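J.: generate coordinates for the sequence data below:
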Amino acid sequence: MPAPQRLVIATRASRLALWQAEHVRDRLRTLYPACEVELLTLTTRGDQILDRTLSKVGGKGLFVKELETALLDGRADLAVHSLKDVPVDLHAPFALSAVLDRADPRDAFVSNDYPDLAALPPGAVVGTSSLRRESQVRARYPHLQVKPLRGNLDTRLGKLDNGDYAAIVLAAAGLERLGLEARIRARLAPVDSLPAAGQGALGIEIRADRADMIAWLAPLACAETTACVTAERAVSRELGGSCQVPLAAYAELHGQELHLRALVASPDGQRIVRAEGRGLPAQADALGVGVARDLLSAGAAGILAELLEPGAQDPQ
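T.: Down below sits the predicted model:
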């Protein structure tokens, strides 16, 4: 296939999203030096609604809808996302064309006054945008207050610096990408805060009928990361994962074997169901489905029924 002459990348307008889009732009320029690569910057509904948690206003899809519209009407050829923000039920006419190599998938503890979660005094306020993080913090540290934290990365750090929170929990990868690694006081081990499916990875979305884009983007894909996130996203897909569900899934490749761990929790952290499994990278999707079914058998079905029933409220 001839090399592309011009490519347009749709991206959100936040500083982190722009970094991610620029990273892909630079990779594409290296691959195709004669290609003109441009950014189309858009503001999504998820960026506009900051006074409510995602689970109350429509979930992760709020961060991709406007970008998908640009793919459909031809204003953009590809969209770059934090993979953890991409809904797992991605249907035609869209496709996830490439997953890039993963950055640090762990959660990060950020505070101006305390070295880690264990050092926070009773009643200290911890901010997070994620029910997944909230449930795991509440389970380990029931004496802490956990409150919602929305906004882009700079906004969240600003709220911490203003004294609204004693500490906040963020994705380590985002802080690293923006040169803010010094703000990290501690990285939370997966055994303590299991990451979200796809956390730390970048995904490229295209129209499924763009065979040319599939070919052009193929060199950007990381086989190891693709296998890991395929297993993780299969867990979420099988469980109907949404922002209403404290759900974590994290896979690592050890030699030729994937090790997948997952959990479903109640938002208050009182109930946490865990499961894990191992398998070959080629069977990543099946591995995820199997671990999801183990979770259901172990008690996750009851938690999901309560959280997803009509009228269920997001406890904050």
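J.: quick one: low-confidence parts of the protein?
T.: 44-63, 310-316 (pLDDT under 70).
J.: try 50 this time
T.: The chain contains residues with pLDDT under 50 at 48-59, 313-316.
J.: and the gap between Leu160 and Gly241?
T.: 28 Å (C-beta to C-beta, to the nearest Å). All C-beta atoms are positioned from the backbone trio N, CA, C, and that covers glycine.
J.: what's the answer for Glu134, then?
T.: Here Glu134 is placed at a distance of 16 Å from Gly241 (C-beta to C-beta).
J.: mind listing the strands for the stretch 1-150 of the chain?
T.: Residue ranges of the strands in the stretch 1-150 of the chain, as given by DSSP state E, counting those that start in this stretch, are 6-12, 36-42, 78-82, 94-99, 107-110, 125-128, 145-148.
J.: closest one to Ala196 among these?
T.: Nearest to Ala196, of all the strands of the stretch 1-150 of the chain, is strand 107-110, at 8.9 Å by C-beta to C-beta.
J.: turn the strands of the stretch 1-150 of the chain into a markdown table, columns for mean neighbour count and distance to Val191.
T.: Formatted as a markdown table, these follow (neighbours: other C-beta atoms under 10 Å; distance: least, C-beta to C-beta, whole Å):
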| stretch | mean neighbour count | distance to Val191 |
| --- | --- | --- |
| strand 6-12 | 20 | 32 |
| strand 36-42 | 15 | 38 |
| strand 78-82 | 26 | 23 |
| strand 94-99 | 21 | 25 |
| strand 107-110 | 26 | 12 |
| strand 125-128 | 22 | 18 |
| strand 145-148 | 18 | 19 |
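J.: to Leu175, which of those lies closest?
T.: Of the strands of the stretch 1-150 of the chain, nearest to Leu175 by C-beta to C-beta is strand 107-110, at 5.8 Å.
J.: contacting residues around that closest one?
T.: With C-beta atoms under 8 Å, 6 or more residues apart in numbering as the test, strand 107-110 has contacts from 116-117, 133, 157, 160, 167-172, 175, 183-188, 193, 195.
J.: with just CA atoms, put it into PDB.
T.: This file holds the C-alpha atoms of strand 107-110, laid out as PDB (Å, rounded to 0.1, in the frame of the first residue of the first chain):
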ATOM      1  CA  ASP A 107      -2.100   4.100  40.300                       C
ATOM      2  CA  ALA A 108      -0.100   6.900  41.900                       C
ATOM      3  CA  PHE A 109      -0.500   8.500  45.400                       C
ATOM      4  CA  VAL A 110      -0.100  12.300  45.300                       C
END
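J.: adjacent strands (with direction) for the strand or helix carrying Ala249?
T.: Under the criterion of DSSP states H and E, Ala249 resides in strand 247-254. Its sheet considered, strand 247-254 pairs with strand 257-265 (antiparallel) by DSSP bridges.
J.: quick one: list the elements packing against the next helix or strand after the partner strand.
T.: Downstream of strand 257-265, the first helix or strand assigned by DSSP H and E is strand 272-279. When contacts are defined as 3 or more C-beta pairs under 8 Å, 6 or more residues apart in numbering; DSSP states H and E, strand 272-279 packs onto helix 131-140, strand 257-265, helix 284-295.
J.: distance between the last one and the chain's centre?
T.: Using C-alpha atoms, centre = their mean, to the nearest Å, the distance from the centre of helix 284-295 to the centre of the chain it belongs to is 19 Å.
J.: please shift the residue numbers so they start at 55 in all later answers.
T.: Renumbered: residue one is now 55, and that last one reads helix 338-349.
J.: pull the residues that contact it.
T.: For helix 338-349, contacts defined as C-beta under 8 Å, 6+ apart pick out 281-282, 284-289, 291-293, 303, 305, 312, 314-318, 327-333.
J.: please, a ChimeraX command that selects the buried ones among those residues?
T.: This is how ChimeraX selects the buried members of those, with burial counted by 16 or more other C-beta atoms under 10 Å:
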select :281,282,284,285,286,287,288,289,291,292,293,303,305,312,314,315,316,317,318,327,328,329,331,333
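J.: which residues does the closest residue to Pro273 other than its chain neighbours contact?
T.: Nearest-residue entry for Pro273: Leu85, 5.8 Å, with adjacent residues in sequence omitted and distances by C-beta to C-beta, 6 or more residues apart in numbering. Contacts were defined as C-beta under 8 Å, 6+ apart; by that measure Leu85 touches 270, 273-274.
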